[in-house]
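A.B. asks: Requesting a structural model of the entry that follows:
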Amino acid sequence: MKWNKFRIKTTTEAEDIVCSSLMDLGIQGVEVEDKIPLTQREKEQMFVDILPEIDVDDGVAYISFYLEEDEDKEKMLQAVREELKEIGTYVNVGSMEIEESQTEDVDWVNNWKQYFHQFTIDDVLIIPSWEDVQPEDEDKMIIHIDPGTAFGTGMHETTQLCIRQIKKYVTEDTEILDVGCGSGILGMLALKFGAKHSTGTDLDPCAIDATHENMDVNGISRDQYRVMIGNIIDDKEVQDQVGYDRYDIVVANILADVLVPLTPVILNHLKTGGIYITSGIIEEKEETVVEAVKAAGLEVLEVNHQGEWVSVTARKN
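C.D. replies: Numbering: from 1, shown residues only. All right, here's what the predicted structure looks like:
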C-alpha cells in the first residue's frame, strides 16, 4: 500500500497550532522537524548513545502528514490551506509551502529486525527470539533477546563493555541494579553469570513489557528480576522502591550527561565495597565521567575502551 505524504513549511512559532489544527481536520498523526534545542528532560528521555547534533534554530519547522492513496487528497489539501490561512491571521506561519511525495507502507515497528542477527560476545551467544540456535552453538551461554521498541540488543560497543565488566565482578551473592535497563539484557545476563537477583529501572514504559517478554523466553522468573519505570535521579518514590545500601553492582549504560547527576545518587544504593559500572560514554566525555565518579567519593578501578566508547568501573569504599 502506498501513502501520499505532504510536508508543510511553516515556523516554530506556529508548529503547535498547525499540528493541533491538522488533528482537528481528522489527520491521525504528524511528524515535526525543527531545530529547537532539546530541553534537559528531553535529553534524558532519548534512548540513544549520542544525542543528535542540531543546527542553530532558524525558526523554520516542517510538518508532515500522510493520506491513504485512495483518500480525496484535494479535498483535504483545500481544508488544510484554508486552516493555514486562518492561522496566518494571528501568528506567523511562514511560507506555507506544501511539498507532496509518495511513500510505501512500511512496518516500522518490525522492519529493524532484518539488521539484527545472532552474534557472540566472547563465549556468550546473543540470539534474536525469531532465530534458531545452531548445533555448534549449543555449548555456549545463550540468551534470547527481542528488544521490541525498547533499547538494547547487545550489539553496541557500550553494552558489550558492560557485559564484560558484569561478568568480571558478579558472584553468586550479587544483587545488581541496571539503571536504564531497556530490553533487560544486562540484568538477565547477570543472572546467567550467577547473580542472585536483578533490578532494573527505565524511563521508557516499553522497557517493562520488553524485559518481561525476554525474561519469559529465557526462563527467568519475576522473583529473579524486578523492573520499574521512573527516574532514579530525582524521584524519591523510585529511590525508595529500589532500596538503599542494597546492591553489590550498579550498572548504567547511559549518556555521560546523565551519568554526572546519577553518580552521587547511586552512592546511596550501593553497598560498601559495591561496584559501579558505567558506559555509554564517548571518548570526549571520558574525563567528565571520571571526575564525576571521583567527586562522588568512588575509587576508579578501570577505564576500558572499545572503538570510540568508554566504560568506567569504580568501587564504593
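A.B. asks: May I have the beta-bridge partners of residue 142?
C.D. replies: Beta-bridge partners for residue 142, by DSSP bridges, are residue 125.
A.B. asks: Nearest residue to residue 100 in space, please, no chain neighbours.
C.D. replies: Among residues not flanking residue 100 along the chain, residue 6 sits closest, at 5.6 Å (C-beta to C-beta, 6 or more residues apart in numbering). Just so you know, the C-beta spots here come from the backbone N, C-alpha and C atoms, and that holds for glycine as well.
A.B. asks: So that neighbour: helix, strand or coil?
C.D. replies: strand (DSSP: H, G, I helix; E, B strand; the rest coil).
A.B. asks: what's the neighbour count on it?
C.D. replies: When counting by other C-beta atoms under 10 Å, one arrives at 21 neighbours for residue 6.
A.B. asks: start at 37 instead
C.D. replies: Right, with 37 as the first residue, what we last looked at is residue 42.
A.B. asks: How about the contacts made by it?
C.D. replies: Listed by C-beta atoms under 8 Å, 6 or more residues apart in numbering, the contact set of residue 42 reads 100, 101, 102, 103, 109, 113, 116, 134, 135, 136.
A.B. asks: Could you rerun that using 6 Å?
C.D. replies: The contact partners of residue 42, by C-beta atoms under 6 Å, 6 or more residues apart in numbering, come to 101, 134, 136.
A.B. asks: For those, pick the one with the most neighbours.
C.D. replies: residue 101 (22 neighbours).
A.B. asks: Listing partners with orientation, what would you give for the helix or strand containing that one?
C.D. replies: In the assignment (DSSP states H and E), residue 101 maps to strand 96-104. Applying DSSP bridges to the sheet, strand 96-104 is found paired with strand 38-47 (antiparallel), strand 66-69 (antiparallel).
A.B. asks: and the last one, which residues are buried?
C.D. replies: By that I understand strand 66-69. Of the residues in strand 66-69, residue 66 count as buried by neighbour count, 16 or more other C-beta atoms under 10 Å.
A.B. asks: And the first one, by the same measure?
C.D. replies: Of all the residues in strand 38-47, those buried under the rule 16+ other C-beta under 10 Å are 39, 40, 42, 44, 45, 46, 47.
A.B. asks: between the residues you listed, which is nearest residue 236?
C.D. replies: Taking C-beta to C-beta as the measure, residue 236 sits nearest to residue 39 out of the buried residues of strand 38-47, at 37.2 Å.
A.B. asks: correct me, but residue 51 touches residue 97?
C.D. replies: Yes. Between residue 51 and residue 97 there is a contact under C-beta atoms under 6 Å: 4.2 Å.
A.B. asks: Which among the strands paired with strand 96-104 is found nearest to residue 308?
C.D. replies: strand 66-69 (48.3 Å).
A.B. asks: how distant is that closest one from the center of its chain?
C.D. replies: In this view, strand 66-69 has its centroid 20 Å away from the chain centroid, taken as C-alpha atoms, centre = their mean, to the nearest Å.
A.B. asks: Quick one: residues in contact with it.
C.D. replies: With C-beta under 6 Å, 6+ apart as the criterion, strand 66-69 contacts 51, 55, 58, 98, 99, 100, 101.
A.B. asks: Residue 122: which of the residues you listed is nearest?
C.D. replies: Residue 122 lies nearest to residue 58 out of the contacts of strand 66-69, by C-beta to C-beta, at 12.8 Å.
A.B. asks: Assign a three-state SS to that closest one, would you?
C.D. replies: helix.
A.B. asks: what sits against it?
C.D. replies: 66, 101.
A.B. asks: rerun that using 8 Å as the cut-off
C.D. replies: Contact analysis of residue 58 by C-beta under 8 Å, 6+ apart lists 66, 99, 101, 116, 119.
A.B. asks: pretty sure the fourth one is touching residue 60, no?
C.D. replies: What that stands for is residue 116. No. Counting by C-beta atoms under 8 Å, residue 60 is not a contact partner of residue 116; they are 10.8 Å apart.
A.B. asks: neighbour-wise, which of these two wins?
C.D. replies: Between residue 116 and residue 60, counting by other C-beta under 10 Å, residue 116 is the more crowded of the two (21 against 10).
A.B. asks: Would you tell me which strand is longest in the chain?
C.D. replies: In the chain, assigned by DSSP state E, the strand with the most residues is strand 306-318.
A.B. asks: Quick check: which helices or strands does that one pack against?
C.D. replies: Packing partners of strand 306-318 (3 or more C-beta pairs under 8 Å, 6 or more residues apart in numbering; DSSP states H and E): helix 193-205, strand 283-289, helix 292-302, helix 322-331, strand 345-351.
A.B. asks: For the stretch 237-353 of the chain, give me the ranges with low pLDDT.
C.D. replies: Residue ranges of the stretch 237-353 of the chain with pLDDT under 70: none are present.
A.B. asks: Counting neighbours, which bits of the helix or strand where residue 277 lies end up buried?
C.D. replies: Residue 277 is located in helix 272-278, with elements delineated by DSSP H and E. Buried residues in helix 272-278, counted by 16+ other C-beta under 10 Å: 275, 278.
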